[in-house]
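Participant: Pasting the sequence and the predicted coordinates here, then a few questions.
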Amino acid sequence: MLNAQEHITELPIYNKDTGLTIFSDKSIKYVIPLYQRAFAWGDKEIIQLIEDISDFDNSNGALYYLGSIIVAKEGNRYEVIDGQQRLTALFLLLNYLHLPMESILTFECRKKSDYTLQKIVSGKEVSVDDIDQGLLNGKKIIENQFGHFTDVYRNHFIEKLTQVRVYRIEVPEHTDLNHYFEIMNTRGEQLEQQDILKATLMSGLSPANQARFSKIWDACSDMTGYVQMHFDTETRKTVFGYDWTEFPTSRFSIPAKVREAKRILDIIKPGFVPNQSEEIADSEDRVRFESIISFPHFLLHVLRVYVDAEKIDVTLFELLDDKKLTEAFNYVLIHGTIAGKNLDKSKFAMGFAGCLLKCRYLFDKYIIKREFVNDDSDGEWSLKSLKSSGQQSKKKPYYVNTYFGLPGEWSTTYEPRHKRIFMLQSCLRVSYTSPKVMHWITSLLTWLYKNRTLDTLTGFEQHIEKFIKGEVVENYFTDCNFDLGANTPHIVFNYLDYLLWKMEFDRSRDKTRYRYSDFIFEFRNSVEHWYPQHPSGDTFEVWGQNEGVNHFGNLCIIQRTVNSKFSNMSPESKQSTFEKMISKGSIKLRIMSELVQKDIQSGRNPNLTWKKTTYLNHGIKMLNILAEACGVVDCIRPLE
């Protein structure tokens with residue numbers, strides 16, 4: 001009989017006593033086979049990996065398990081058949097931290113991947129023609145993430161790595177790998193914290209309230225589309241009115257045929273499978289709109305809204321950590337008080353359900369989504385409300401721009417307001433890529449929950465901008481240090497772009513054709529130096545670290561995919577080589593390119609002029625725009 005334990009090895013990521021890591025054993029090789037996709041982890045996955053390690057509590061000596069890698073062993077060769085993305089990300093991470101390791105990770109029949117990995121390990125420059133962009137992007141993401149942290153944090157992170165483990169699981173010899181992949185790709189979903197939380201909150205409710213709670217929860221848990229379409233027709237009419245547009249009520253009856261709510265004892269049984277939501281909405285509409293956060297993260301936002309609305313006295317966790325979902329709710333239930341009295345669990349559960357439904361309605365109507373139309377695989381930002389047309393059974397949803405205005409207000413007033421709110425939210429979305437730190441959503445939902453009548457929503461724009469200004473002041477203008485280089489917060493660049501866009505938008509009578517009318521906020525997650533830190537070759541002189549190269553005036557924000565080619569070129573070369581990319585990029589970047597073009601047209605050496613005077617004047621001008629908008633008058637400076 002097969003002894004499964006013989007095929008499972010627990011691997012420490014880093015052993016401080018021996019000085020060895022998971023990649024220190026020169027006697028073995030991890031091989032990524034050709035049938036595996038190339039390394040594709042981006043910001044979301046890599047930052048999540050770093051945060052998972054950083055956030056776990058190692059104070060009691062507990063171990064943290066990252067998961068497993070599945071391998072087929074042949075001699076000293078381990079063919080990685082599941083978990084290669086995590087394994088490769090760990091390789092890049094340990095290399096960045098300068099921990100002991102050998103080049104034992106290789107890619108089968110992928111010369112560019114092997115070449116790029118070797119250059120990353122050696123620290124040598126990579127040839128643009130031979131790079132694996134995915135690996136280089138991964139390296140840059142890790143550098144940017146740790147660039148925001150101190151050496152103390154870095155050392156603490158390395159200390160935590162000593163308590164992190166992964167399992168290496170060998171499939172038995174002669175395993176049919178094709179059959180194995182079929183099983184891996186069709187395995188059912190595991191029980192999630194949200195299922196346990198649902199059962200916990202429902203456990204003390206009456207049957208009628210259990211049914212109502214379950215109906216609300218199930219409808220809200222599907223974050224695609226609009227919540228109205230996740231109810232059956234009759235309930236939808238009861239909750240949202242005949243036209244499906246009214247602010248929802250959580251008081252409605254549930255037909256007897258509703259499925260039985262599951263108890264917590266039911267769902268922890270091995271054979272339990274989470275219920276799938278009824279196919280109520282048109283699948284096309286579900287696919288069309290995509291939420292910017294997951295349901296567990298949405299629950300954490302709503303918990304904060306509910307605690308604020310009910311004046312529950314309790315200290316909430318700082319991060320919106322979906323891995324601590326049940327812990328966050330249990331903490332509130334145990335430690336929360338109202339007017340000095342402990343919380344009643346049943347009242348809390350039903351009150352939270354009502355808040356959940358109302359917040360989901362507000363979220364769908366007033367917070368941006370990603371909309372996919374036609375064959376556009378990337379989608380676009382969308383801020384729309386659901387309306388209905390037709391009669392009775394033929395009633396169908398359609399979508400219009402959300403209205404932010406007063407009754408009788410002219411379209412020339414409320415339509416520009418919608419556009420500005422749309423741009424402000426897009427600015428926030430691309431600035432904060434990790435769901436754990438999207439506190440702006442909590443802020444907006446809390447405001448909407450308190451001010452949801454039509455007459456007050458005109459103040460929504462001011463509330464959003466006030467939040468952004470607070471972030472910029474706290475994280476950038478506190479000590480007026482503008483030489484942060486790549487550590488400059490992304491919100492600073494994005495809010496500046498918004499202000500530059502708004503100047504042109506507000507002064508133009510034609511709101512469809514104006515300077516920067518083509519500008520949209522995208523995930524530009526790489527802060528770069530316009531005049532490079534490390535010039536390529538000896539074509540132009542090096543600019544010292546303390547001579548202005550890290551000043552805000554010399555910085556721009558770009559998409560990480562162009563970073564490797566962009567980094568080491570001179571301003572003149574960037575302006576000519578990346579003209580198309582720049583024309584669709586950050587507004588600050590466009591202005592920098594225009595300044596170089598002016599120098600060329602005037603017969604000046606654009607690289608020397610930039611380094612000598614242009615960068616500083618440009619930086620002061622941009623910083624003054626930010627400082628004036630944020631009310632930080634002490635940081636405003638005259639041009640030199």
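Facilitator: All right, it came through fine.

Participant: Centre of the chain to stretch 45-60, how far?
Facilitator: Taking CA atoms, centre = their mean, to the nearest Å, the mean C-alpha location of stretch 45-60 is offset from the chain mean by 16 Å.

Participant: In the helix or strand containing residue 422, which residues are buried?
Facilitator: Here residue 422, judged by DSSP states H and E, is contained in helix 411-431. Buried residues in helix 411-431, counted by 16 or more other CB atoms under 10 Å: 414, 416-431. No exception for glycine: its C-beta is placed from N, CA and C like everyone else's.

Participant: and the next element down the chain from that helix?
Facilitator: Next helix or strand after helix 411-431 toward the C-terminus (DSSP H and E): helix 439-450.

Participant: Please report how far the residue nearest to residue 10 when sequence neighbours are not counted lies from residue 430.
Facilitator: Among residues not flanking residue 10 along the chain, residue 165 sits closest, at 5.4 Å (CB to CB, 6 or more residues apart in numbering). To residue 430, residue 165 is 35 Å away according to CB to CB, to the nearest Å.

Participant: and if you look at residue 317?
Facilitator: Counting by CB to CB, the gap from residue 317 to residue 430 is 25 Å.

Participant: and what of residue 637?
Facilitator: 28 Å.

Participant: correct me, but residue 624 touches residue 632?
Facilitator: No - with contact defined as CB atoms under 8 Å, residue 624 does not reach residue 632; the gap is 10.0 Å.

Participant: more neighbours, the two?
Facilitator: Using other CB atoms under 10 Å as the criterion, residue 624 and residue 632 rank with residue 632 on top: 19 against 16.

Participant: quick one: contacts for the more buried one?
Facilitator: Counting by CB atoms under 8 Å, 6 or more residues apart in numbering, residue 632 touches 473, 477, 626.

Participant: do residue 316 as well
Facilitator: Counting by CB under 8 Å, 6+ apart, residue 316 makes contact with 303, 304, 307, 328, 332.

Participant: domains for the chain, by residue range?
Facilitator: Following the assignment in automatic domain parsing, the chain carries domains at 4-186, 193-399.

Participant: ok, residue 521 touching residue 432?
Facilitator: No - Residue 521 is beyond contact range of residue 432, at 12.0 Å (criterion: CB under 8 Å).

Participant: Compare neighbour counts for those two and give me the winner.
Facilitator: The residue with more neighbours, out of residue 521 and residue 432, is residue 521; 22 against 19, by other CB under 10 Å.

Participant: Please report how far that one lies from residue 529.
Facilitator: For residue 521, the distance to residue 529 (CB to CB) stands at 22 Å.

Participant: before we move on, the earlier item: ok, the contacts of residue 316 vs residue 151, which is closest?
Facilitator: Of all the contacts of residue 316, residue 328 has the smallest distance to residue 151: 30.8 Å, by CB to CB.

Participant: what's stretch 9-26 in contact with?
Facilitator: Contact partners of stretch 9-26, identified using CB under 8 Å, 6+ apart, comprise 66, 90-91, 94, 99-102, 104-105, 158-159, 161-162, 164-170.

Participant: Would you mind listing which of those are buried?
Facilitator: For those, a burial check counting by 16+ other CB under 10 Å picks out 66, 90-91, 94, 99, 101, 104-105, 158, 161, 164, 166, 168-170.

Participant: wait, which of the contacts of residue 316 is closest to residue 493?
Facilitator: Using CB to CB, residue 304 comes nearest to residue 493 of the contacts of residue 316, at 27.6 Å.

Participant: Now do residue 600 against residue 572, distance only.
Facilitator: Noted for residue 600: a distance of 7 Å to residue 572, by CB to CB.

Participant: In stretch 120-133, which of the residues would be classed as buried?
Facilitator: Buried residues in stretch 120-133 (16+ other CB under 10 Å): 120, 121, 126, 131, 132, 133.

Participant: distance between that stretch and the chain's centre?
Facilitator: Relative to the centre of its chain, stretch 120-133 is centred 27 Å away, using CA atoms, centre = their mean.
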